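Colleague: Give me a model of this one.
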Amino acid sequence: MKSLFASVLASAIVLSLPASSWAADTAALEKAARAEGQVNSVGMPDSWANWKGTWEDISSKYGIKHSDTDMSSAQEIAKFAAEKNNASADIGDVGAAFGPIAVQKGVTQPYKPTTWDQIPDWAKDKDGHWALAYTGTIAFIINKDQVKDIPHSWADLKKGKYVVTIGDVGIAAQAANGVLAASYAMGGNEKNLKPALEFFSELAKEGRLGVTDPVIANIEKGEIQVAVVWDFNGLNYRDQIDPKRFEVVIPSDGSITSGYTTIINKYAKHPNAAKLAREYIFSDAGQINLARGYARPIRAEHLTLPADVQAKLLPASEYKSAHPIADTAAWDKAAKQLPRLWQENVIINMKQ
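Modeller: Here you go, the predicted structure:
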């Protein structure tokens, strides 16, 4: 009984601390998280950004059990909102545009890790509700068995004969950013997605827009010829399946660099375990783990990446035409409109 009381007391201490103080008392946080003993995530599958290594470390280091249910950014926020006090998820990982949306919907709680000051201002919420842990750049993964003329640009995609897969633009941050990257390459921007919508509309009319989800299982089965994915996913899938069979390139005529943030469920049943997970993710070890999954850690300039990790990544020269999102407010607005625009301009032209 005594140990149970101590665990509950430790949990109560951490829960009562103001957000700004949590980072200063990681020992109490760890104690409370250990007492909870479990953390349930959404949208943080083993194959994405080496979450497997992160959760294995958290489990072995702190004795916290973990489970994940994979889903898109929009689905994660909807789940938090729908379940409320019956929450089955404690923490999720969503695209940058979805962090502010989650805050607006009132489904998050703040936690600032001890490395907070090393996270750039553009990559975090001032109150600690979200912060990008890693960045990704939109890339192509190409099945060389099926595509002999390797595309290196959006212009190459347009003149090709193969099927191009982007995923569900209405719900997946990766797919939405793919549209923005194409728009940048064709003279558009966050406020003007028309060039990209016209581009994908043409692919749809030609019967060259794939509807298969660009996940590793479908790529491995040979169901995808060219997919528009984050670089860290493309590199990971390539190496897991067969490096000789696939090529990953950053489009030379324009791409977008964005990122992903954890969001901690306001209604989490294991809030301290979720906060401790964020603390670990932003630590040196956690950041290097993300890099092992081909993602660029947000604290990269404060880290020395091991040589074997550095070797996993594409050369810097590949990224010369990749740009961070210039107007985040405009992109937040456009991202909300994109599902309708995609339906009206692209899906309507899909060949039956």
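Colleague: use CA for all of it now, contacts and neighbours both
Modeller: Fine.
Colleague: And residue 39, its phi and psi?
Modeller: phi -140, psi 130 (degrees, to the nearest 10).
Colleague: mind listing what the closest residue to it other than its chain neighbours touches?
Modeller: Nearest residue to residue 39 in three dimensions, chain neighbours excluded: residue 66, at 5.1 Å (CA to CA, 6 or more residues apart in numbering). When contacts are counted by CA atoms under 8 Å, 6 or more residues apart in numbering, residue 66 touches 38-41, 55, 59.
Colleague: Ramachandran angles for residue 66?
Modeller: According to degrees, to the nearest 10, residue 66 has phi -140, psi 140.
Colleague: Roughly how far does it sit from residue 37?
Modeller: To residue 37, residue 66 is 9 Å away according to CA to CA, to the nearest Å.
Colleague: Then residue 164?
Modeller: Residue 164 is 44 Å from residue 37, by CA to CA.
Colleague: Looking at those two, which one has more neighbours?
Modeller: Remark: of residue 164 and residue 37, residue 164 carries more neighbours, 25 against 17, as counted by other CA atoms under 10 Å.
Colleague: ok, that one touching residue 223?
Modeller: No: judged on CA atoms under 8 Å, residue 164 makes no contact with residue 223 at a distance of 10.9 Å.
Colleague: all helices for the stretch 151-300 of the chain, in order.
Modeller: With helices called from DSSP state H, counting those that start in this stretch, the stretch 151-300 of the chain shows them at 154-159, 173-185, 194-205, 216-220, 231-241, 271-281, 284-292.
Colleague: Just the buried positions in the third one, please.
Modeller: Applying a neighbour-count criterion of 16 or more other CA atoms under 10 Å, one finds 194-197, 199-204 buried in helix 194-205.
Colleague: What's the mean pLDDT across it?
Modeller: Averaged across helix 194-205, pLDDT comes to 97.
Colleague: What of the longest one?
Modeller: Average pLDDT, helix 173-185: 95.
Colleague: before we move on, what about stretch 145-160?
Modeller: Average pLDDT, stretch 145-160: 97.
Colleague: likewise stretch 119-128?
Modeller: 94.
Colleague: hang on, the earlier thing: between residue 164 and residue 223, what contacts are shared?
Modeller: Joint contacts of residue 164 and residue 223 (CA under 8 Å, 6+ apart) do not exist.
Colleague: now for the longest helix seen in the chain, which elements pack on it?
Modeller: The longest helix of the chain (DSSP state H) is helix 328-345. Helices and strands touching helix 328-345, by 3 or more CA pairs under 8 Å, 6 or more residues apart in numbering; DSSP states H and E, are helix 194-205.
Colleague: Now with 10 Å, please.
Modeller: helix 98-104, helix 173-185, helix 194-205 (3 or more CA pairs under 10 Å, 6 or more residues apart in numbering; DSSP states H and E).
Colleague: Quick one, which of those helices gets closest to residue 332.
Modeller: Comparing the helices and strands packed on helix 328-345 against residue 332 with CA to CA, the closest turns out to be helix 98-104 (7.9 Å).
Colleague: Could you give the number of residues near the nearest residue to residue 171 once chain neighbours are set aside?
Modeller: Spatial nearest neighbour of residue 171, excluding adjacent residues (CA to CA, 6+ apart): residue 74 at 5.4 Å. When counting by other CA under 10 Å, one arrives at 17 neighbours for residue 74.
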